[in-house]
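Novice: Okay, here's the prediction I keep looking at, along with the sequence it came from:
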Number of protein chains: 2
Amino acid sequence: MTLPHPAADQISLSNVLAVLGDPTRLAIVRYLASKEGVPLNCSQFLDLGSKTNLSYHLAKLREAGVTRTEVVGTSRLITLRRDDLDARFPGLLDSVIAAAVDDTALPAVGASEIDIRA
Amino acid sequence: MTLPHPAADQISLSNVLAVLGDPTRLAIVRYLASKEGVPLNCSQFLDLGSKTNLSYHLAKLREAGVTRTEVVGTSRLITLRRDDLDARFPGLLDSVIAAAVDDTALPAVGASEIDIRA
DNA sequence: TCCTTAGTTCAAAATTCATTGAACTATTGT
DNA sequence: ACAATAGTTCAATGAATTTTGAACTAAGGA
């Protein structure tokens, strides 16, 4: 079972920008970038919204071609679609991620973690 | 008389992306970039929409910090706010413009021009 | 002064978007 | 087979966005 993804040449610039223009989705992308190489499942983003709401935002990211979602058993492994984005819009993803990294206004994943050393 | 612009450090990444995520506004930015250095007034964008509609989109761009609008007599001279954007989000504007340049799906300014040599 | 040009503001309508809870599917473990 | 887990789908709601036309302001030229 595989989920629908746009072909690389169907990825639209304005759609990508629009999708990244939402703080929750930008925070998702930032977190994906911070763990690049490690596929993440939906529940790792629960700090950013309800399960239902994340399902919505993750679908938007996938449909815009920003992420790839692989179905593995009962979970979905989500990765940045860096190869295709870099080929199509060189430098865009990197500059967005670099800017997002030091954006304190963005919601953060793991914000509710407790420092065990406290 | 001057119009309200956000301070450079108030320019928000997700807001800039959201604003650029609209095809009309992206086309405006692409055209501004193609004439960079030359300040344009609103009427030069009339190919992209009605006067009222352009006023709306140009205000969005200005309020997001993407453009600067200078009031000169009865017209507004619009320029890309490249200095501040580059300082705040290095590489972002360039990669967006580069991608927009060869985006055939975007509406074009000057699309209705007649080739006099025909 | 009067007319024109450039652009804004306003209110209304149409659309799209984000968020929620309840119900659902599908897979895994016991 | 049963229960639990992971995530989706649906319908509803509210909020934000886009678009339009009519009325407006302000500056410039005749």
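Specialist: Here it is on my side, so go on.

Novice: OK, contacts around the residue minimising distance to the centre of chain A?
Specialist: The centroid of chain A falls nearest to A:V29 when counting by C-alpha atoms, centre = their mean (3.3 Å). Contacts for A:V29 (C-beta atoms under 8 Å, 6 or more residues apart in numbering or on different chains) come out as A:L20, A:L61, A:V66, A:T67, A:L80, A:V96, A:I97, A:A100. Heads up, the C-betas are built off the backbone N, CA and C, glycines and all.

Novice: Recalculate using a threshold of 7 Å.
Specialist: Contacts for A:V29 (C-beta atoms under 7 Å, 6 or more residues apart in numbering or on different chains) come out as A:L20, A:V66, A:L80, A:A100.

Novice: need those residues in JSON lines with distance to B:T52, can you?
Specialist: Formatted as JSON lines, the contacts of A:V29 follow (distance: C-beta to C-beta, whole Å):
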{"residue": "A:L20", "distance to B:T52": "28"}
{"residue": "A:V66", "distance to B:T52": "33"}
{"residue": "A:L80", "distance to B:T52": "39"}
{"residue": "A:A100", "distance to B:T52": "34"}
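
Novice: Looking at those residues, which is nearest A:V72?
Specialist: A:L80 (17.0 Å; C-beta to C-beta).

Novice: Can you list the low-confidence ranges for chain A?
Specialist: For chain A, residues meeting the criterion pLDDT under 70 lie at A:112-118.

Novice: what does chain A have sitting close to DNA strand C?
Specialist: A:1, A:18, A:22, A:24, A:49-50, A:52-53, A:56-57, A:60, A:73-74 (C-beta under 7 Å from any atom of the strand).

Novice: Which members of the residues you listed are classed as buried?
Specialist: A:A18, A:D22, A:T24, A:G49, A:H57, A:K60 (16 or more other C-beta atoms under 10 Å in any protein chain shown).

Novice: Is it possible to get the residues you listed out as JSON lines so that each row also shows secondary structure?
Specialist: Formatted as JSON lines, those follow (DSSP: H, G, I helix; E, B strand; the rest coil):
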{"residue": "A:A18", "secondary structure": "helix"}
{"residue": "A:D22", "secondary structure": "coil"}
{"residue": "A:T24", "secondary structure": "helix"}
{"residue": "A:G49", "secondary structure": "coil"}
{"residue": "A:H57", "secondary structure": "helix"}
{"residue": "A:K60", "secondary structure": "helix"}
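
Novice: returning to what we had before: now, the contacts of A:V29 that are in helices?
Specialist: Among the contacts of A:V29, DSSP state H puts A:L20, A:A100 in helices.

Novice: out of the contacts of A:V29, which touch chain B?
Specialist: A:L20, A:A100 (C-beta under 7 Å from any C-beta of the partner chain).

Novice: TSV for the contacts of A:V29, including neighbour count?
Specialist: As requested, these are exported to TSV (neighbours: other C-beta atoms under 10 Å in any protein chain shown):
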residue	neighbour count
A:L20	27
A:V66	26
A:L80	23
A:A100	22
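
Novice: Out of the contacts of A:V29, which is nearest to DNA strand C?
Specialist: The closest of those to DNA strand C turns out to be A:L20 (C-beta to the nearest atom of the strand; 10.2 Å).

Novice: circling back to that earlier point, now cross-check the buried ones among the residues of chain A next to DNA strand C against chain B and list the overlap.
Specialist: A:A18, A:D22.
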